[in-house]
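**Q** my questions concern the predicted model and sequence given below.
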Amino acid sequence: MHVKPSSRIEKVSEYYFSKKLKEIDQMRANGVKIINLGIGNPDLQPASEMIEKLCETSQKSGVHGYQSYIGTTTLRQSFADFYQRYYGVDLDPANEILPLTGSKEGIMHISMAFLDEGDEVLIPNPGYPTYSAATKLAGGIPVEYNLLEENDFHPNFEEIEKQDLSKVKLMWVNYPHMPTGAQASQYLFEKLVQFGKKHKILICHDNPYSFILNSKPISMLSVDGAKDVVLELNSLSKSHNMAGWRIGMLAGKSEHIGAVLTFKSNMDSGMAQPIQMAASAALTAKQEWFDLLNTEYSKRLTIAKEIASNIECQLPRQHSGMFLWIKIPDNIENAEIMADKILYQKGVFITPGSVFGSNGNRFLRISLCADEPTLKEAANILSTFELD
């Protein structure tokens with residue numbers, strides 16, 4: 001008997017990386033060596049204090065049961081302290097912070113909490129594919145807005161306002177931007193808050209990259225009055241090398257947090273207490289932690305730029321985050337064709353920018369989540385890459 005999947009599932013396709021990694025696994029099974037520079041999966045170790053706290057807490061009795069849907073008081077206070085220390089943002093840990101099992105979960109929760117069938121959502125092009133997928137799964141309609149190189153991959157508000165925005169309920173933004181590495185500014189965040197208030201749109205800011213190769217981490221919640229129209233996601237995945245731990249958070253106005261909590265409380269039973277205590281320890285990291293992290297990423301970025309040169313791609317005007325966004329040569333039809341040439345001819349996987357939207361068709365994305373020897377090996381292999 002075949003049970004047909006829901007029409008909801010038919011609105012989305014399998015995640016690109018899920019499919020591509022299956023292909024790479026098969027190539028490896030066939031004896032082909034593949035260097036993977038496509039995935040943003042941090043390979044560096046978390047802080048030793050975090051691991052020690054996990055081990056210590058795990059040995060205690062009474063810590064392995066169900067936890068509160070809103071996370072422990074300790075974790076919420078740790079997030080509040082972190083936001084005050086690094087972003088200068090005051091958050092009430094009791095009702096303006098909601099811990100999550102990763103910020104990707106939060107994208108779905110926000111979509112389900114605020115979207116009704118037919119509501120429209122402004123989605124960046126290029127941008128994280130999950131924004132569009134979550135919108136569709138929640139019954140919303142993605143409406144793309146352009147992020148273009150000539151505008152430093154920032155929204156063109158005049159262009160957006162030429163559209164009918166009467167059905168738009170949410171807008172997804174993400175700075176420092178993935179995949180382009182475009183940086184935010186206080187001015188940009190002020191414009192976004194003004195835009196949200198003017199059009200009664202909830203601005204959803206996804207902020208996991210602010211500490212990676214970025215000298216001035218900022219939060220959109222630092223803008224006066226931002227809490228009225230902004231929800232901000234953050235996570236420990238990139239900033240603390242804890243991607244697999246699935247620890248994130250949502251910050252904003254208590255009414256908005258409450259709406260998300262209503263949905264979330266029907267979907268999960270909270271994070272294990274030892275993980276929450278470990279996250280609290282990680283959040284006490286001093287500036288030296290981020291300096292050491294970025295020293296390593298800076299070395300990797302230098303080699304990634306060499307790779308870009310070897311495959312005749314142009315470097316971006318500005319850069320932040322853990323990816324290098326590079327423009328392909330004019331004589332190549334599109335990024336996917338070039339990425340496949342590199343993979344099949346040289347055994348190096350680099351992500352085509354088209355994965356992130358049509359405005360990524362002329363770009364490739366190199367991940368910095370590979371150690372220096374691996375990046376140097378890829379650079380050496382690609383030194384003999386020929387476009388034709």
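**A** In hand now; what should we look at? Residues are numbered from 1 along each chain as shown.
**Q** all the strands of the stretch 1-150 of the chain, residue numbers only.
**A** 35-36, 97-100, 120-125, 141-146 (DSSP state E, counting those that start in this stretch).
**Q** how far out from the middle of the chain is the third one?
**A** From the chain centre to the centre of strand 120-125 is a distance of 15 Å (CA atoms, centre = their mean, to the nearest Å).
**Q** could you give the mean pLDDT of that strand?
**A** Taken as a whole, strand 120-125 carries a mean pLDDT of 98.
**Q** the first one too?
**A** When pLDDT is averaged over strand 35-36, the result is 94.
**Q** again with stretch 128-141
**A** On average, stretch 128-141 scores 96.
**Q** next, the buried residues of that stretch.
**A** Buried residues in stretch 128-141, counted by 16 or more other CB atoms under 10 Å: Y128, P129, T130, Y131, S132, A133, A134, T135, K136, L137, A138, G140. Placement of C-beta: from N, CA and C, glycine included.
**Q** tell me how far it lies from the chain's centre.
**A** Counting by CA atoms, centre = their mean, stretch 128-141 comes out at 15 Å from the chain centroid.
**Q** any chance you could map the strands in the stretch 251-388 of the chain?
**A** According to DSSP E, counting those that start in this stretch, the strands that the stretch 251-388 of the chain contains are 323-327, 348-349, 351-352, 363-367.
**Q** residues contacting Y86?
**A** When contacts are counted by CB atoms under 8 Å, 6 or more residues apart in numbering, Y86 is found next to F211, P217.
**Q** from L122, how far off is C204?
**A** 10 Å (CB to CB, to the nearest Å).
**Q** the more surrounded of the two?
**A** C204 (28 against 25; other CB atoms under 10 Å).
**Q** so what pairs up with the more buried one in the strands?
**A** W172, L231 (DSSP bridges).
**Q** mind listing what it touches?
**A** For C204, the contacting residues are I107, I110, L170, M171, W172, V173, V230, L231, E232, L233, by CB under 8 Å, 6+ apart.
**Q** do you know how far the second one is from I9?
**A** Applying CB to CB, one obtains 20 Å for the distance of I110 from I9.
**Q** between those two, who's got more neighbours?
**A** The neighbour comparison of I110 against I9 (other CB under 10 Å) goes to I110, with 29 against 11.
**Q** give me the nearest residue to D268, chain neighbours excluded.
**A** Leaving aside its chain neighbours, D268 sits nearest to T101 (6.6 Å; criterion: CB to CB, 6 or more residues apart in numbering).
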